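Asks: give me the fold of what follows.
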Amino acid sequence: MNRLQLDFQLKLREDRVQFVKDYLKKIPFTPTENELDTIAKYILWGTNAGGLNGRQEGLELETRYKTWDGNRVESLDALIESPTFSETMLRGPHDAPTRFQKEVFSRTQVRQNAPSYIRDALEELWREIDRTELLINFYDLAHEKRKTPPRPTLLNRFTDEAQSSIKAAATKLQPYAYLKLKHRLVELRREQYTYKDYYAEPRLSQPTFSYTDDFEGTFEVDFSVLPIGIPNDTALAKKIFNEDRFPEPNDFTEEDLKAISTLLWEKKELSKRYFDFTNTDHLYELFGMWDDFLEPTVSIYSNMAYFARAAKVYVKLAHLEPYLEDIWKMKVEKKSNQEIVEVINQKYGKKYRPNYISTLYCKKCLTLIAAAAKKHREVLENIFFPENFKKCKDCGRVLLMNEENFVKRSRSSDGFSPRCKNCEKIKRKGRE
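Replies: Take a look at the predicted model:
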């Protein structure tokens, strides 16, 4: 249990130094080496008169907060910009710790419930997990970091010859490689849950668009893209990825529909890595490196360009309000919240604060773009059934006949208004 009661509400380093001086005189115990190290970091993470903490001044200070690509968050603003951030995550220094119920991963249960194509990938992953764990255990035993031998269930997964080989490898392991293995083991165990999500929760099918050319720069080709894949320059892809509107049944021939059926429902081998346009975390990371997709060296016929094209389609189909579209544009241009809020407040007569820009970007812009990608998939799944669509009386758009697009009306033969919701809204405003 942490005995220290440091006041993290103090931001200035000199205030923290004075607090520590007074605090050390009052505590009834002698701080351990680790506690003294914590106190030192507490002081160094304080800001100087110029608003910089020790790390920003060039000191090597560790932090436990990391982003998706491994880069450490250096400020509260950067943390707030994460789509997964919630103010309910913040706790005061004296608040009781939140209890979390640990989920136990059962291989037996997964073997019973998972589809065969997932089980095969998981078996390979489990072999790597077991070998890494045993290697770490043998290293810990050799360096007296543990006293008990590896658990029997783990040892039983290896032959005597394999155990001897792993034990020999442990004796040659360097400390740095050992630490990397421990981090690797954590990542491998997390990956189990990623696989489990594919069948334990409703997920979209894997895309089937495939390409032979390589991605340019550092952009990898060996992963799947949800929910539909990415467009190429074929006529069918251009019909599917139309940034002006969602697809309509009359857009496609019988041959097109056969190809779409294969695209949507044909089972493909599950790749370990994937990008999901319906996931706001993935969108956040994508738009964070948007400049890379706009480089003049990127060929318009490359997978990287096709990937960017899909992203642009979903941004268009999200129909962001003008102020949200401006926020998105300035965010991908890496403008600061302060620069953005000045433009938005002046242009649209708003009274936003800089921190609220992050909320609008993550909770509004990215959520709407992700919803457009999800709707795109839903439209394509229904494209084989024209009776599931309805043409708006006023604007002429052919939309899925559901409550998202049309107002329910019991007197109508199909149960919906003849006008789409947008046209109904325009009509109501004309009456006012």
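
Asks: so Glu123 belongs to a helix, correct?
Replies: Yes. Glu123: assigned to a helix according to DSSP: H, G, I helix; E, B strand; the rest coil.

Asks: quick check: it vs Ile129, distance?
Replies: 11 Å (Cβ to Cβ, to the nearest Å). No exception for glycine: its C-beta is placed from N, CA and C like everyone else's.

Asks: same check, this time on Tyr274
Replies: The spacing between Tyr274 and Ile129, counted by Cβ to Cβ, is 20 Å.

Asks: mark out where each domain of this protein begins and ends.
Replies: 13-62, 114-200, 224-384, 386-432 (automatic domain parsing).

Asks: would CSV of those with mean neighbour count, distance to Arg107 and mean pLDDT be doable?
Replies: Shown next, in CSV, are the domains of the chain (neighbours: other Cβ atoms under 10 Å; distance: least, Cβ to Cβ, whole Å; pLDDT from 0 to 100):
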stretch, mean neighbour count, distance to Arg107, mean pLDDT
domain 13-62, 13, 34, 82
domain 114-200, 14, 7, 86
domain 224-384, 17, 18, 86
domain 386-432, 14, 40, 87
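
Asks: could I get those domains as TSV with distance to Thr108?
Replies: Below are these laid out as TSV (distance: least, Cβ to Cβ, whole Å):
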stretch	distance to Thr108
domain 13-62	38
domain 114-200	11
domain 224-384	21
domain 386-432	41
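
Asks: between these, which gets nearest to Arg3?
Replies: domain 13-62 (6.6 Å; Cβ to Cβ).

Asks: off-centre distance for the closest one?
Replies: When C-alpha coordinates are averaged (Cα atoms, centre = their mean, to the nearest Å), domain 13-62 and its chain have centres 33 Å apart.

Asks: give the other helices and strands that the helix or strand containing Thr153 contacts.
Replies: Using DSSP states H and E, Thr153 sits within helix 152-155. Where contact means 3 or more Cβ pairs under 8 Å, 6 or more residues apart in numbering; DSSP states H and E, helix 152-155 is packed against helix 116-142.

Asks: run the last query once more with 10 Å
Replies: helix 116-142, helix 160-171 (3 or more Cβ pairs under 10 Å, 6 or more residues apart in numbering; DSSP states H and E).

Asks: can I get those helices in CSV with distance to Asp37?
Replies: Below are these laid out as CSV (distance: least, Cβ to Cβ, whole Å):
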stretch, distance to Asp37
helix 116-142, 23
helix 160-171, 29
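
Asks: of those helices, which is nearest Lys335?
Replies: Once the helices and strands packed on helix 152-155 are compared by Cβ to Cβ, helix 116-142 is nearest, at 40.9 Å.

Asks: just the angle between the closest one and helix 160-171, please?
Replies: 60 degrees (axes from the mean of the first three to the mean of the last three Cα atoms, to 10 degrees).

Asks: which ones are touching Leu181?
Replies: Thr132, Glu133, Leu135, Ile136, Tyr139, Ala170, Leu173 (Cβ atoms under 10 Å, 6 or more residues apart in numbering).

Asks: is the residue nearest to Phe105 when sequence neighbours are not counted in a helix, a strand, or coil?
Replies: Once flanking residues are discounted, Phe105 sits nearest to Gln192: 5.4 Å by Cβ to Cβ, 6 or more residues apart in numbering. Three-state call for Gln192 (three-state DSSP): helix.

Asks: quick one: Gln192 from Asn279, how far?
Replies: For Gln192 relative to Asn279 (Cβ to Cβ), the value is 19 Å.

Asks: would you list every one of the strands in the stretch 301-432 of the chain?
Replies: Listed in chain order, the strands of the stretch 301-432 of the chain (DSSP state E, counting those that start in this stretch) span 389-391, 398-400, 406-408, 416-420.

Asks: closest to Leu257 out of these?
Replies: Per Cβ to Cβ, nearest to Leu257 of the strands of the stretch 301-432 of the chain: strand 389-391, 14.0 Å.

Asks: can you give me the end-to-end span of stretch 345-361?
Replies: 15 Å (Cα to Cα, to the nearest Å).

Asks: with stretch 239-258 instead?
Replies: OK, stretch 239-258 end separation, Cα to Cα: 14 Å.

Asks: mind checking what secondary structure the spatially most central residue of the chain has?
Replies: Centroid check for the chain by Cα atoms, centre = their mean gives Asp281 as the closest residue, at 2.6 Å. Taking three-state DSSP as the rule, one finds Asp281 in the helix state.

Asks: and the residue nearest to Tyr306 when sequence neighbours are not counted, helix, strand or coil?
Replies: Sequence neighbours aside, Ile230 is the residue nearest to Tyr306 in space, at 4.5 Å (criterion: Cβ to Cβ, 6+ apart). Here Ile230 is recorded as coil under three-state DSSP.
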